[in-house]
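J.: All I have is the shape, not the residue letters:
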């Protein structure tokens, strides 16, 4: 009886592994080009496969008609990783970096991003991309404003708290910092509901109805899972790899489906 139970468990596990492998294969991204027009601006939704301890990190890059790139990367700032994993929200950091046309081309060739800012010095692996108009370019840029405003508000309060010597007033500032971290009328970072990938998709979906629909009705836990799930269905987006991927990066991109 025990041997029969063990055999059933073994076959059940093999079936689960077979289903998992089938899903992984169904979500593989293959290089795909998309139609471009002269003087188009470009929108890139990019993932670093082994960022954030292997969960992935997503950024958005906009390229203007001259070929110059602007990168937007959102991450937690107010909370420690432990606090974030416990579900605490906090004001995030919206890092924005600019590149010349040559630097942008080099990044797309190598995947190596070398800018000042959170997650802006790292190696990125896969990008979904599509052309946008100059008007749409500025629409996406404008979506960063609420995040920058929240960051500025936090910085002002934090400086007041750090400089204050009166115990009671310092406690008031501390309470204000806690309130702002809970999202009082502004966006905040929450690792499970509003992380780097959620924000990257929100920025990009301001000019793409297909990505907006995906963001509103589909949920995957990781940036790697989302970029693949969207990429396999969004045929009007191109797919490209950035530089050479290591064995671990390839494994993560293949195995991360959630």
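T.: Yes, it's here. Model, not experiment: these values are computed from the prediction.
J.: Which residue ranges of the protein form helices?
T.: Ranges of helices in the chain, per DSSP state H, are 2-26, 51-54, 81-85, 101-110, 134-142, 145-163, 167-180, 196-205, 209-217, 223-231, 247-255.
J.: and the residue nearest to residue 77 when sequence neighbours are not counted, what does it touch?
T.: Nearest residue to residue 77, sequence neighbours excluded (C-beta to C-beta, 6 or more residues apart in numbering): residue 93, at 4.0 Å. Yep, even glycine has a C-beta here, placed from its N, CA and C like the rest. Residues in contact with residue 93 (C-beta atoms under 8 Å, 6 or more residues apart in numbering) are 74, 75, 76, 77, 118, 151, 189.
J.: contacting residues around the residue nearest to the third one when sequence neighbours are not counted?
T.: By the measure of C-beta to C-beta, 6+ apart, the closest residue to residue 76 outside its immediate chain neighbours is residue 189, 4.4 Å from it. Contact criterion C-beta under 8 Å, 6+ apart gives 74-79, 84, 89-93, 195 as the residues in contact with residue 189.
J.: picking up where we left off before, return the item of the contacts of residue 93 having minimum pLDDT.
T.: Lowest pLDDT within the contacts of residue 93 is found at residue 118 (71).
J.: low pLDDT regions in this structure?
T.: Low-confidence segments of the chain (pLDDT under 70): 1-9, 20, 24-25, 37-39.
J.: now do 80
T.: Where the chain drops to pLDDT under 80, the residues are 1-28, 35-39, 52-55, 81, 117-119, 184, 219, 248, 250-258.
J.: And the residue nearest to residue 77, how close does it get to residue 143?
T.: Residue 93 sits 16 Å away from residue 143, going by C-beta to C-beta, to the nearest Å.
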